[in-house]
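Enquirer: Give me coordinates for this.
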Amino acid sequence: MDMEEIPIKVGMCLETEQLVTPELTAPHVGSGDLRVYATPAMAMFVENSCCKLVHHLLPDDKTTVGIEINVRHLAPTPVGMRVHARVEVASTDGALITFRAQLRDDIDLIGEVEHRRAIVDINRFLKRVEAKSNQDD
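Expert: I've put the predicted structure just below:
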């Protein structure tokens, strides 16, 4: 299957949510001192949501890998509140997919994220990983 045949289209979107737990706070992940939703947790949530949006459309021998993420964390969210994300395919360019996301808690817009993923051949990618691992021997 050529990249042009993969049915990922601009405008596709997915809405997801997650509960802010103590494990998703800045002190727990090591990104700060305040017990609020951590920026790295936001980035992870968006990456996971983007994967959910497109992975079921890929052939079995392909996957996506994250190659870039730009996170604007705009407002704090306390433990116990839900975070709602809306991720959308903003553009495609061959094997590259650009996503845009907005995140809200129950009160505010809390984040805006742009994320890029590349479609890769799993076997070729793992061969590169193995070759790099073997250089340590």
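
Enquirer: And the strands in this protein, which stretches?
Expert: 13-19, 62-73, 82-93, 96-104, 109-121 (DSSP state E).

Enquirer: most packed of those strands?
Expert: Among the strands of the chain, ranked by average contacts under mean count of other C-beta atoms under 10 Å, first place goes to strand 96-104 (a mean of 21). Heads up, the C-betas are built off the backbone N, CA and C, glycines and all.

Enquirer: okay, the closest residue to residue 72 other than its chain neighbours: pLDDT?
Expert: Take residue 72 and drop its neighbours on the chain: the residue closest to it by C-beta to C-beta, 6 or more residues apart in numbering is residue 112, 4.6 Å away. We have a pLDDT of 98 for residue 112.

Enquirer: before we move on, the earlier item: nearest to residue 48, out of the strands of the chain?
Expert: strand 13-19 (7.8 Å; C-beta to C-beta).
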